[in-house]
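**Q** Here is the input, now give the coordinates:
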Amino acid sequence: MTRYARSRRLASILDAVGNTPLIRLHGIAPNAPGVEIYLKLEFANPGGSVKDRPALRMVQDAMKDGRLTSDKILIDSTSGNTGVAYSLMGAAMGFRVHLVMPKNVTKARKDITQAFGTELVFSDPMEGSDGAIRLVKKIVAENPDKYFYPDQYSNPSNPLAHYYGTAGEIIDALGDRITHFVTGLGTSGTMMGTTRRLHEHTPRVTCVAVEPAEALHGLEGLKHMGSSIVPPIWDPSTVDEILPVTTEEGWDMSDLLAATQGLHVGHSTGANVAGAVKIAERAQKERGGGCVVTIACDRGDRYFAPLKWERKYVW
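**A** This is a model prediction of the structure:
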């Protein structure tokens, strides 16, 4: 007889954030047969990305201390995923959302955020995420009483979401088996919060930050810190190593994950896994084995131009 685990009953969509699956990747690092590589599927969050975690924590903390009230509009800069998370939460919790994003972000992210009723403001595509940051600060400075500006790049609630959530779940699943944690740098919240908790659990865990190898790159959502506005929450002394990954490595790994693992993921995830494979190969040479964990930030379908949403179909 088939046995079923009891399905979770949730009070709202917000309760679905977190507790994401952790799966083992097989055959992705043939030169490191003694190293386990695990991928935490953050696209299983209801908003489809890892950004649901910090967005929810920033919103809840702001509501608790009165910074976000029903008469204020939440506004922030985003390359897309945090914006989707804010939009979902605004619809579920009853507050308005405005987002500032580069005009060249994927059509899917524009369409998804607007489906929740979010208003979009576009910044210069040539200025990337830094241009969106500058524009949102200008908008807020001109109307400070109108907006709640969480500022995901400097908000301590961002890394705290990963300190208590992402890292706690990894420790629960793997305990002392984990030897390495690898993830990319955007706001740096995932890296900062998870690293601090893992180092508290056991200092033996090596935490590696992946960043684009070039200032001009195609790894959407990741920052090349040397040529960007550095997020105030980023503290390079916290991590054990910074590992450069090229755009080609990230894109090629995304294709490989789809073809061999059945995982259609975005290019930042490809960069994360490419970095994890490099670390796994090093661990194989230096210690004969290990356990590497990295993050699947979002799904690959978010980078397609989607079909138009139709109210009526003609057959």
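
**Q** Could I get the CA-only coordinates of stretch 232-244 as CSV?
**A** The C-alpha trace of stretch 232-244 is given here as CSV (Å, rounded to 0.1, in the frame of the first residue of the first chain):
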residue,chain,number,x,y,z
PRO,A,232,26.4,47.7,2.6
ILE,A,233,25.5,44.3,3.9
TRP,A,234,28.5,42.7,2.0
ASP,A,235,31.4,41.9,4.2
PRO,A,236,34.2,40.1,2.3
SER,A,237,35.9,39.2,5.6
THR,A,238,33.1,36.9,6.4
VAL,A,239,33.6,34.5,3.5
ASP,A,240,36.5,32.1,3.0
GLU,A,241,37.1,32.7,-0.7
ILE,A,242,35.8,34.7,-3.7
LEU,A,243,35.6,32.5,-6.9
PRO,A,244,35.3,34.1,-10.3
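
**Q** Point out where the stretch 1-150 of the chain drops to low pLDDT.
**A** 1-6 (pLDDT under 70).

**Q** now the helices for it?
**A** 52-65, 81-93, 107-115, 128-142 (DSSP state H, counting those that start in this stretch).

**Q** Tell me where the model's unsure across the stretch 201-315 of the chain.
**A** 305-315.

**Q** and the helices of the stretch 1-150 of the chain, which is most packed in?
**A** Mean neighbour count (mean count of other Cβ atoms under 10 Å) peaks for helix 81-93 among those, with a mean of 25. Every C-beta, even on glycine, is put in place using the N, C-alpha and C of the backbone.

**Q** So which other helices or strands are in contact with that one?
**A** Helix 81-93 sits against helix 52-65, strand 73-77, strand 96-102, helix 107-115, with contacts defined as 3 or more Cβ pairs under 8 Å, 6 or more residues apart in numbering; DSSP states H and E.

**Q** export the ones you listed to CSV and tack on distance to residue 216?
**A** CSV is the format used below for the helices and strands packed on helix 81-93 (distance: least, Cβ to Cβ, whole Å):
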stretch, distance to residue 216
helix 52-65, 27
strand 73-77, 20
strand 96-102, 14
helix 107-115, 21
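
**Q** what about the helices in the stretch 201-315 of the chain?
**A** Counting by DSSP H, counting those that start in this stretch, the helices of the stretch 201-315 of the chain are 247-261, 267-287.

**Q** which parts of the last one are buried?
**A** Taking 16 or more other Cβ atoms under 10 Å as the basis for neighbour counts, the residues of helix 267-287 that come out buried are 267-280, 282-284.

**Q** domains for this structure, by residue range?
**A** 13-49+156-302, 52-148 (automatic domain parsing).

**Q** among those, which is nearest residue 7?
**A** domain 13-49+156-302 (11.9 Å; Cβ to Cβ).

**Q** end-to-end on that closest one?
**A** Using Cα to Cα, to the nearest Å, the end-to-end distance of domain 13-49+156-302 comes to 20 Å.

**Q** Columns distance to residue 262 on top of the helices of the stretch 1-150 of the chain, output as JSON lines?
**A** Shown next, in JSON lines, are the helices of the stretch 1-150 of the chain (distance: least, Cβ to Cβ, whole Å):
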{"stretch": "helix 52-65", "distance to residue 262": "23"}
{"stretch": "helix 81-93", "distance to residue 262": "22"}
{"stretch": "helix 107-115", "distance to residue 262": "21"}
{"stretch": "helix 128-142", "distance to residue 262": "31"}
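
**Q** closest one to residue 259 among those?
**A** With Cβ to Cβ, the closest approach to residue 259 among the helices of the stretch 1-150 of the chain belongs to helix 107-115: 21.6 Å.

**Q** Convert the C-alpha atoms of the closest one to PDB, please.
**A** Output in PDB follows, covering the C-alpha atoms of helix 107-115 (Å, rounded to 0.1, in the frame of the first residue of the first chain):
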ATOM      1  CA  LYS A 107       9.800  40.300 -20.200                       C
ATOM      2  CA  ALA A 108       8.700  37.500 -18.000                       C
ATOM      3  CA  ARG A 109       9.700  39.500 -14.800                       C
ATOM      4  CA  LYS A 110       7.900  42.600 -16.000                       C
ATOM      5  CA  ASP A 111       4.800  40.600 -16.800                       C
ATOM      6  CA  ILE A 112       4.700  38.600 -13.600                       C
ATOM      7  CA  THR A 113       5.100  41.700 -11.400                       C
ATOM      8  CA  GLN A 114       2.500  43.600 -13.200                       C
ATOM      9  CA  ALA A 115       0.100  40.600 -12.900                       C
END
